[in-house]
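Peer 1: No letters, just coordinates:
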């Protein structure tokens, strides 16, 4: 046993020495190299011992992510040697793969791109690539295949919403910074650019053995050779009278309808359930927009009351202490009432008044509201767990590092990306 330990130490020392020599060739000093290694070791230890439990099931994924972060930090250290105090130098020295690809495509002349398009159109179809869902990953795939088509590939997009919202712009849209058109992507137009068939519908079952996709409303099943799933998530605790933030497309429509209700003179009680980053950002955006709309209508802001309900004992649990302090102060400055350690149980209606019931210290607390946004942890769409593909305990698709879905731990010709999947 001691001999094996000595051999392991020798191998580790040799690997460390080789890694440092490689870094030294890039101009990175020993001090900077050691500092990066120490920072990455601290990140790994901090995350594996969070809540006092070693998370062995996620350790491999964590080590993989840590290796990516180590490489990026070493690239930053190298760029600092080449161009001190220039924060953009790292992007010039080490451009990301997808950025480099887009630059290459952008440099391609329209004539050359048209030639690629004509060549692809002439080729016989040998592969049916079906994209299920209009998520961000599929938007990027459509854009790239529109710019650089693949001969022999017939592309099909199945999506419930022809206009897909960009989630990063949702708080800005809620706050009134972006219009609905600016915050949404027109998948119909993008599909035409990519020469893709667009099917406005929903997949209800995936038969990976027969390579068939079963659709809602009795439509005939659609065959595929390669399938990619990017359908996002659904609310984990659907309840009456509330507006779940996910799926975002549904929330955006309901938010626009909600604003039209400000025309009457009644008071407006707004409640957001969720004390994470999403809930905090959302309630700040909602209060800002509703306040602006009330001022525009010449109404007093006293008719608006906002409440943030969090199950945790503090807002943004798991974030850095300074971040928690700054955002908690921002919430309180806006006059938002914060209910900590309140677990939302159910909603009900009593004589026309909607009520959110919460459990707090063994008793039930009632919070009346006019509009309640549900911004808690979401769940996977139900059809994924019925597909026969491997899912985790929460119903999310399991994938390998190549994002291939698994069936009895065997990789399939089905891929998944985004919130609906988890990487083993």
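Peer 2: The structure has been received and is ready for your questions. Bear in mind that the values here come from a model prediction, so they are computed numbers and not experimental data. Numbering: from 1, shown residues only.
Peer 1: And the helices in the stretch 201-350 of the chain, which stretches?
Peer 2: For the stretch 201-350 of the chain, the helices defined by DSSP state H, counting those that start in this stretch occupy 248-259, 277-296, 321-333.
Peer 1: Give me the below-cutoff pLDDT ranges for the stretch 1-150 of the chain.
Peer 2: Along the stretch 1-150 of the chain, the model assigns pLDDT under 70 to residues 1-3, 5-8, 47-58, 96-106.
Peer 1: go on, the stretch 151-300 of the chain?
Peer 2: 235-239.
Peer 1: Redo the helices of the stretch 201-350 of the chain as TSV? Include distance to residue 153.
Peer 2: All C-beta spots, glycine's among them, are computed from the backbone N, C-alpha and C. What follows is those, written out as TSV (distance: least, CB to CB, whole Å):
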stretch	distance to residue 153
helix 248-259	27
helix 277-296	36
helix 321-333	44
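Peer 1: Determine the number of other residues adjacent to residue 271.
Peer 2: Neighbour count for residue 271, taken as other CB atoms under 10 Å: 25.
Peer 1: Same check on residue 289?
Peer 2: By the criterion of other CB under 10 Å, residue 289 has 20 neighbours.
Peer 1: ok, now which ones touch it?
Peer 2: Each residue near residue 289 by CB atoms under 8 Å, 6 or more residues apart in numbering is listed here: 174, 175, 176, 259.
Peer 1: Quick check: buried residues in the longest helix seen in the chain?
Peer 2: Assignment by DSSP state H gives helix 56-82 as the longest helix of the chain. Buried residues in helix 56-82, defined by neighbour count with 16 or more other CB atoms under 10 Å: 66, 70, 73, 74, 75, 76, 77, 78, 79, 80.
Peer 1: re the thing from before, got a winner among the contacts of residue 289 for most neighbours?
Peer 2: Going by other CB under 10 Å, residue 174 tops the contacts of residue 289 with 28 neighbours.
Peer 1: element containing it?
Peer 2: Using DSSP states H and E, residue 174 sits in helix 170-175.
Peer 1: Which one of the helices of the stretch 201-350 of the chain lies nearest to residue 123?
Peer 2: Ranking these by distance to residue 123, with CB to CB as the measure, places helix 248-259 first at 34.7 Å.
Peer 1: Need the contact partners of that closest one.
Peer 2: Outside helix 248-259, the residues within contact range by CB under 8 Å, 6+ apart are 160-161, 163-165, 167, 170, 173-174, 180, 183-184, 232, 243-245, 289-290, 293, 371, 373.
Peer 1: Between helix 277-296 and that helix, find me the angle.
Peer 2: For helix 248-259 against helix 277-296, the angle by axes from the mean of the first three to the mean of the last three CA atoms, to 10 degrees is 30 degrees.
Peer 1: Check which residues of helix 248-259 are buried.
Peer 2: For helix 248-259, by 16+ other CB under 10 Å, it's 248, 249, 250, 251, 252, 255, 258.
Peer 1: Please apply the same query to stretch 125-140.
Peer 2: Using 16+ other CB under 10 Å as the burial criterion, the residues of stretch 125-140 that qualify are 128, 129, 130, 131, 132, 133, 134, 135, 136, 137, 138, 139.
Peer 1: Regarding that stretch, how distant is the last residue from the first?
Peer 2: One end of stretch 125-140 to the other measures 22 Å (CA to CA, to the nearest Å).
Peer 1: before we move on, what about stretch 207-225?
Peer 2: Start-to-end, stretch 207-225 (CA to CA) is 12 Å.
Peer 1: Now do it: everything it contacts.
Peer 2: 127-130, 132, 156, 158, 199, 201-206, 227, 387-389, 405, 407, 412-414.
Peer 1: rewinding a little: who are the packing partners of the longest helix of the chain?
Peer 2: With contacts defined as 3 or more CB pairs under 8 Å, 6 or more residues apart in numbering; DSSP states H and E, helix 56-82 has these neighbours: helix 2-25, helix 30-48, helix 89-93.
Peer 1: now that helix, how far from the centre of its chain.
Peer 2: Per CA atoms, centre = their mean, to the nearest Å, the displacement of helix 56-82 from the mean C-alpha position of its chain is 21 Å.
Peer 1: Over to stretch 300-314?
Peer 2: With CA atoms, centre = their mean as the basis, stretch 300-314 stands 25 Å off its chain's centre.
Peer 1: Now it: buried residues?
Peer 2: Residues of stretch 300-314 classed as buried: 304, 305, 306, 307, 308, 309, 310, 311, 314 (neighbour count, 16+ other CB under 10 Å).
Peer 1: what pairs with the fifth one across the strands?
Peer 2: With DSSP bridges applied, the residues forming beta bridges to residue 308 are residue 272, residue 338.
Peer 1: That one touches residue 283, doesn't it?
Peer 2: Yes. Using CB atoms under 8 Å, residue 308 is in contact with residue 283, at 5.2 Å.
Peer 1: before we move on, back to that, need the buried residues of stretch 300-314 in a markdown table with distance to residue 111 and pLDDT, can you?
Peer 2: Shown next, in a markdown table, are those (distance: CB to CB, whole Å; pLDDT from 0 to 100):
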| residue | distance to residue 111 | pLDDT |
| --- | --- | --- |
| 304 | 57 | 89 |
| 305 | 61 | 92 |
| 306 | 56 | 94 |
| 307 | 60 | 95 |
| 308 | 56 | 95 |
| 309 | 59 | 95 |
| 310 | 57 | 93 |
| 311 | 59 | 91 |
| 314 | 59 | 91 |
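Peer 1: Out of the residues you listed, the closest to residue 297 would be?
Peer 2: Residue 297 lies nearest to residue 304 out of the buried residues of stretch 300-314, by CB to CB, at 11.8 Å.
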